[in-house]
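Would you be able to build a 3D model of this:
(one chain, ligands or ions: 1)
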Amino acid sequence: MNAKKIGVLALQGAVSEHLVAIQKLGATPVSVKRPEQLEALDGLILPGGESTTMRRLMKRFGLFEPLRTFHQAGKGILGTCAGMVLAARETDSGEESLSLIDAKVIRNGFGRQKESFEAPLAIEGISGGPFQAVFIRAPYLEQLGKKPEVLARIDEKIVAARQENVLVAAFHPELTDDLRLLEYFIRECI
Ligand code: GLN
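Sure thing, here's the model as predicted:
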């Protein structure tokens, strides 16, 4: 069997760590900057970083519609942190997003006093004990539609969810050695 090809949107943010993690899992990592690169892929990661900058670059490189088409074709998409902001149906600040998952996203939803923290997280569908999740100016989800499934919460805040082939996480799974979330994405969403 050919290895699955997984792209990482490489316009800004935590790109290289994802590329390394994909390789470790035996899939083929591809650094994606142009729409025509999407064709060869089985799945794509929208990484963490700064969603406003990433959105601007996505517009400039003509990636918005091709990414929606990629999703409609049933390909897998993982959005982490800023990537989750871009994947949501709507954002609390009214910026355009890709609407890949039927939920509203609250940017920087954990407030200033908790800009960055780690928490052991029980994630639905991931066995083997809690996942040590790294949150950096993290968003959370609310007002979910009927389709998304909640995979993890902190207090009442939804920090991981899945809608068919789209997986989103408010944290940075690529910043630890724990590859279980990415492994879940490759196994279940692609
Ligand atoms: N708060 C950032 C944003 O909205 C995301 C932070 C991150 O990806 N670590 O773009």
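
Over to the residue positioned nearest the centre of the chain. Which of the three states is it?
By C-alpha atoms, centre = their mean, the chain has its centre lying nearest to Gly79, at 1.2 Å. Under DSSP: H, G, I helix; E, B strand; the rest coil, the three-state class of Gly79 is strand.

partner residues bridging it?
Taking DSSP bridges as the rule, Gly79 bridges to Leu46, Val168.

Can you show me the strands along this protein?
Counting by DSSP state E, the chain has strands at residues 5-9, 28-32, 43-46, 76-80, 88-91, 101-106, 116-121, 131-136, 140-142, 149-154, 157-163, 166-169.

Can you say which of these is nearest to Ala21?
strand 28-32 (8.3 Å; C-beta to C-beta). Yep, even glycine has a C-beta here, placed from its N, CA and C like the rest.

In the closest one, which residues are buried?
Pro29, Val30, Val32 (16 or more other C-beta atoms under 10 Å).

Low-confidence stretches in this structure?
Judged by pLDDT under 70, the chain has its weakly predicted residues at 1.

Close to the ligand: what parts of it are there?
Gly48, Gly49, Glu50, Ser51, Cys81, Ala82, Val85, Arg107, Asn108, Ile136, Arg137, Pro139 (C-beta under 6 Å from any ligand atom).

Identify the farthest-apart pair in those.
Gly49 and Asn108, at 13.5 Å, using C-beta to C-beta across the residues of the chain next to the ligand.

Look at those two and report which has more neighbours.
Gly49 (22 against 15; other C-beta atoms under 10 Å).

I figured that one hits Cys81, correct?
Yes: applying C-beta atoms under 8 Å as the test, Gly49 and Cys81 come out as touching, 7.5 Å apart.

Look up the closest residue to Asn108, ignoring the ones flanking it.
With sequence-adjacent residues excluded and distances taken as C-beta to C-beta, 6 or more residues apart in numbering, Asn108 is closest to Arg137, at 5.3 Å.

Please report the distance of the one you found from Arg56.
18 Å (C-beta to C-beta, to the nearest Å).

Fine, thanks again, bye for now.
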